[in-house]
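Participant: quick one, fold the following:
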Amino acid sequence: MKRIGLIAGVALAAAACSGGPKEIPPLEAKFVTNDCDLVAAVARDNYKLTRTDPPMRAMMVGEDLDWRPACNYQAMGFNLVEVYGPEGVAANPNMGEVTFYRPKYDNDGAELRTAISRQAGTTERALCRLARTGNTWSVATCGADPRETQPRAPLPSPADVTPDSKLPAPGSRTLPRDATIPEPDPGAPTP
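Facilitator: Coordinates of the predicted model:
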């Protein structure tokens, strides 16, 4: 009887292994990001850049991280030369400059900060909201960057700080203003 059970167990194990690993199909990507598509949409829709414009420097700023998308500007239809750091700016003097900051993606699309300095010396900064339709990105809105237009939060005033001259004297029974100490003290020994 034990042999029959052992043979049946081996047969079941062999049948389970004979199927091999099952192929699990990959899930369809719901949201694929390509930063160069966003850069192209802003350059095309907001700045109206073309291949026939004078050459401009393209700066990619990652803010907190290094960001270097491998964009082919000529294939995208722009006359941009990508440069990094002060050395790249010095190597390409007397050119206008367009700056793109790393986009921030969300469920509704993406936001991209950007700035452009034409040869006249004026800099125009913008915060662009991009929407995705199928596989293409387009600029939904592009306006003044709130970092530039809204005032910064005020610094704390001296009135917000507790002055040192009003600290309680050591040994007094004055309790700190944020402390709640139950009376009588539950940890005190009973008399």
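
Participant: helices or strands up against the longest strand anywhere in the chain?
Facilitator: Counting by DSSP state E, the longest strand found in the chain is strand 123-133. Packing partners of strand 123-133 (3 or more Cβ pairs under 8 Å, 6 or more residues apart in numbering; DSSP states H and E): strand 109-117, strand 136-143, helix 146-149. Placement of C-beta: from N, CA and C, glycine included.

Participant: average pLDDT for the shortest one?
Facilitator: What it means is helix 146-149. Average pLDDT, helix 146-149: 78.

Participant: same for it, what does it pack against?
Facilitator: Judged by 3+ Cβ pairs under 8 Å, 6+ apart, helix 146-149 is in contact with strand 123-133.

Participant: for the strand it packs on, which positions count as buried?
Facilitator: 126-128, 130, 132 (16 or more other Cβ atoms under 10 Å).

Participant: circling back: may I see the helices and strands packed on strand 123-133 organised as JSON lines, with distance to residue 79 and mean neighbour count added?
Facilitator: Output for those, formatted as JSON lines (distance: least, Cβ to Cβ, whole Å; neighbours: other Cβ atoms under 10 Å):
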{"stretch": "strand 109-117", "distance to residue 79": "14", "mean neighbour count": "20"}
{"stretch": "strand 136-143", "distance to residue 79": "20", "mean neighbour count": "16"}
{"stretch": "helix 146-149", "distance to residue 79": "27", "mean neighbour count": "10"}
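
Participant: dump those to TSV, plus distance to residue 62.
Facilitator: Shown next, in TSV, are these (distance: least, Cβ to Cβ, whole Å):
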stretch	distance to residue 62
strand 109-117	12
strand 136-143	19
helix 146-149	16
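
Participant: and residue 25, which of the ones you listed is closest to it?
Facilitator: The closest of the helices and strands packed on strand 123-133 to residue 25 is strand 136-143. By Cβ to Cβ, the value is 26.3 Å.

Participant: partner strands of that closest one and their direction?
Facilitator: In the sheet, strand 136-143 lines up against strand 123-133 (antiparallel) (DSSP bridges).

Participant: all good on my end, thank you.
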